[in-house]
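Engineer: sequence plus the predicted model coming up.
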Amino acid sequence: MMSIKVLGISTSPRIKGNSDLLLRRALDGAESAGANTEYLRLTDYKVSPCIECNACYVTGLCKVQDDYQQLLKKILDADRIIFATPIFFMTVCAQAKMLIDRCQCLWAHKYVLKKELNTAGHDRRAMVIAVGGSRSKKQFESVRLTMKSYFDSLQMLYVANLFVNKIDALGDIEKHPSALNEAYRLGIQLIDADTILSDKPFNIELT
Ligand SMILES: Cc1cc2nc3c(=O)[nH]c(=O)nc-3n(C[C@H](O)[C@H](O)[C@H](O)COP(=O)(O)O)c2cc1C
């Protein structure tokens, strides 16, 4: 049997940031259950913002040439994505948002050109890990909205969220064993073909 390919995208600008450590734990969980995992740090790649040239409305492709092209290949090759972001100003960080916005070409491919991706019909699922320093839980709503729209464009089913708040300083997440355990468990669950799927992601919110 081919093993399931899981791509972990770490968007925090901090090395070993809180969301990054949770992502690594989730990837460990997926790997323990037999997945083939790949971890990437978005800040190792050069991704500039969408320039709204709308060239993709005609071609379905992004004409801005940078590392996005190789990231897109990895994203489309993955059976599962775990997308980790810190909360910046009530939503995903700017690094994450730049990658998300560049997927406008996939949005155009689907909604303007009305074409299916080559991955259509494949079992592709995604989950989000987000960590915020404040006590606000409202901010996770904006993450959910943005990520839903993103995963729709990728034609992936958005299955789960792990949201943790009141975690601020670098490494604070290491003092939160239940968040680390949940990340590991969700990593295992993400590759379990028997998980009951719903049209809304399953949420775990921890403080
Ligand atoms: C520019 C900036 C904006 C932030 N905005 C928020 C915010 O709106 N809400 C919040 O809970 N935390 C906010 N934080 C705190 C981070 O979310 C928090 O430190 C988190 O642990 C960072 O995750 P990371 O270590 O994975 O990067 C902000 C931090 C920065 C640097």
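Structural biologist: Great, that's in hand.

Engineer: any residues of the protein in contact with the ligand? List them.
Structural biologist: The chain has residues 12, 14, 17-20, 86-90, 131-134, 136, 139, 165, 167-168 near the ligand, with proximity defined as CB under 6 Å from any ligand atom. Bear in mind the C-beta positions are built from the backbone N, C-alpha and C, glycine included.

Engineer: most distant residue from the centre of this structure?
Structural biologist: Farthest-out residue of the chain from its mean C-alpha position, per CA atoms, centre = their mean: Val58, at 26.9 Å.

Engineer: you'd agree that residue is in a helix?
Structural biologist: Yes. Counting by DSSP: H, G, I helix; E, B strand; the rest coil, Val58 is part of a helix.

Engineer: measure it to the ligand for me?
Structural biologist: Using CB to the nearest ligand atom, to the nearest Å, Val58 is found at 36 Å from the ligand.

Engineer: tell me the contacts of that residue?
Structural biologist: Residues counted as contacts of Val58 (CB atoms under 8 Å, 6 or more residues apart in numbering): none.

Engineer: count the residues that sit near Lys46.
Structural biologist: 8 (other CB atoms under 10 Å).

Engineer: ugh, wrong one, I meant Met147
Structural biologist: Met147 has 23 nearby residues by other CB under 10 Å.

Engineer: which positions in the host helix or strand of it come out as buried?
Structural biologist: Assigned by DSSP states H and E, Met147 belongs to helix 139-153. Within helix 139-153, the residues scored as buried using 16 or more other CB atoms under 10 Å are 139-140, 143-144, 146-147, 150-151, 153.

Engineer: next: stretch 183-190.
Structural biologist: 183-184, 186-190.

Engineer: what does it contact?
Structural biologist: 6, 22-23, 25-33, 80, 82, 125, 127, 129, 159-160, 162, 195, 204.

Engineer: low-confidence stretches in the chain?
Structural biologist: By pLDDT under 70, the weakly predicted segments of the chain are 1.
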